[in-house]
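Chemist: What would the 3D arrangement of this be:
(one chain, ligands or ions: 2)
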Amino acid sequence: MKIPQISIVAPLYNESESFPLLVERINALMDSSPLAIEVVLIDDGSKDDTATRIRQLALTDDRYHGVLLSRNHGHQLALTAGMARARGTEALFVIDGDLQDPPELLPEFYKLYKEGNDVVYAVRKKRKEGAVKRMGYYVFYRLLRSISYVEIPLDSGDFALISRRVVDVMNKMPEESRYLRGMRSWIGFKQTGFEYERDARVAGESKYSFKQLFALAYNGIFNFSEFPIKFMSRTGIFAILIALVYFFIVVAKKLFFAHVIEGFTSLLFVIILFSGVQLLALGIIGEYVLRIFFQSKGRPLYIVKDEIVNCEYI
Ligand code: UDP
Ligand code: MG
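Modeler: Ligands and ions are numbered 1, 2, ... in the order given. Model (predicted):
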């Protein structure tokens, strides 16, 4: 095989059911494309036979490059592992392994890349998912956009064609809680969106648990926004001002109407209010401290158990 220009990178977690179709569609794409393409398939510690299938495929077809992780590390880290190992010299085409992101769009993305865009990210026109999930995504992306210091495009996920030089920067970013689409935007260069309709899964259920989805949203907000902590300090200042005003009113009342008795209710109200403000502030500072804590550990981000790769051009 020639040195690949493009690497298709797809993380897979328990995707045995859709695997044959994924390979079939990617093969068809490769056969019809003039580009030299390699396919990096990452097994994210699947419990079904996804890893075995990847291994067999990579051993028999040198266009496939298998990366098997030691356990389930989560989608973002599986992608990180794949991106670090992909050798495409021009760009990486990052897709989901469940065929929600049609691989056939590669030529159109590549055209935009050739026109000088370092990142061509997919923007979802329509989602074929449940109403609650759609609503959640809709609100989250708009909230993140309004508070983030990076311009993270609306309704776009990790599905993108990313140039080699942007990938190299992403690979060098050591941050532990990874929000790849944010990192991608943060890097800059010329980036453009490509609208597409997100397909439904071809098989199985979403492998993202609600917990993982929330963790991803959290990483987006806390890694790419200072708003929560700024909001707290502003609220703190506002609360102090209110307290001062309150204090002067009480003093004035005492001075001019000597017999006014101040009730316990108001006192209690103020105490509770301020305890709440303090607790919330501590919680938010804790979020940042937690991130510093994990980062300072300097752990490897993932552990590769095995790697199956054609060695001709290493
Ligand atoms: N995935 C993964 N590790 C995980 C969860 C998901 O590698 O812990 C993969 C999954 O196999 C799929 C992609 O990441 O190829 C996107 O996941 P999923 O389809 O579950 O997310 P959704 O499309 O529902 O957002
Ligand atoms: Mg999916």
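
Chemist: Could you use CA atoms for every contact and neighbour count after this?
Modeler: Will do.

Chemist: Get me the contact residues on the protein for ligand 1.
Modeler: 11-13, 15, 44, 72, 74-75, 78, 96-98, 206-208 (Cα under 6 Å from any ligand atom).

Chemist: Could you count how many residues lie near Asp49?
Modeler: Asp49 has 15 neighbouring residues, counting by other Cα atoms under 10 Å.

Chemist: So which of the residues of the chain next to ligand 1 sit within helices?
Modeler: Members of the residues of the chain next to ligand 1 lying in helices (criterion: DSSP state H): 75, 78.

Chemist: tell me which of the residues of the chain next to ligand 1 is nearest to Arg127?
Modeler: Checking the residues of the chain next to ligand 1 against Arg127 with Cα to Cα, the nearest one is Ser206 at 13.5 Å.

Chemist: Helices of the stretch 151-300 of the chain, start to end?
Modeler: Assigned by DSSP state H, counting those that start in this stretch, the helices in the stretch 151-300 of the chain fall at 164-172, 180-187, 210-224, 227-256, 264-297.

Chemist: if we can go back for a sec, of the residues of the chain next to ligand 1, which count as buried by neighbour count?
Modeler: Among the residues of the chain next to ligand 1, those scoring as buried are 11-13, 15, 44, 72, 74-75, 78, 96-98 (criterion: 16 or more other Cα atoms under 10 Å).

Chemist: now, which of those residues lie within strands?
Modeler: Counting by DSSP state E, those place 11-12 in strands.

Chemist: Report the contact partners of the residue most central in space within the chain.
Modeler: For the chain, Tyr179 is the residue whose C-alpha lies nearest the centre (Cα atoms, centre = their mean; 3.4 Å). Shown in contact with Tyr179 (Cα atoms under 8 Å, 6 or more residues apart in numbering): 76, 216, 219-220, 223.

Chemist: Find the least confident helix or strand in this protein, judged by mean pLDDT.
Modeler: Lowest by mean pLDDT, DSSP states H and E among the helices and strands of the chain is helix 264-297, with a mean of 75.

Chemist: List the buried residues in that one.
Modeler: Judged by neighbour count (16+ other Cα under 10 Å), helix 264-297 contains these buried residues: 274, 277, 281, 284, 287, 291.

Chemist: which one of the residues you listed is nearest Lys2?
Modeler: Closest approach between the buried residues of helix 264-297 and Lys2, by Cα to Cα: Arg291, at 41.9 Å.

Chemist: ok, that closest one to Leu79 distance?
Modeler: 20 Å (Cα to Cα, to the nearest Å).

Chemist: could you list every residue that touches Leu161?
Modeler: Leu161 touches 91-94, 109-110, 113, 119-121, counting by Cα under 8 Å, 6+ apart.
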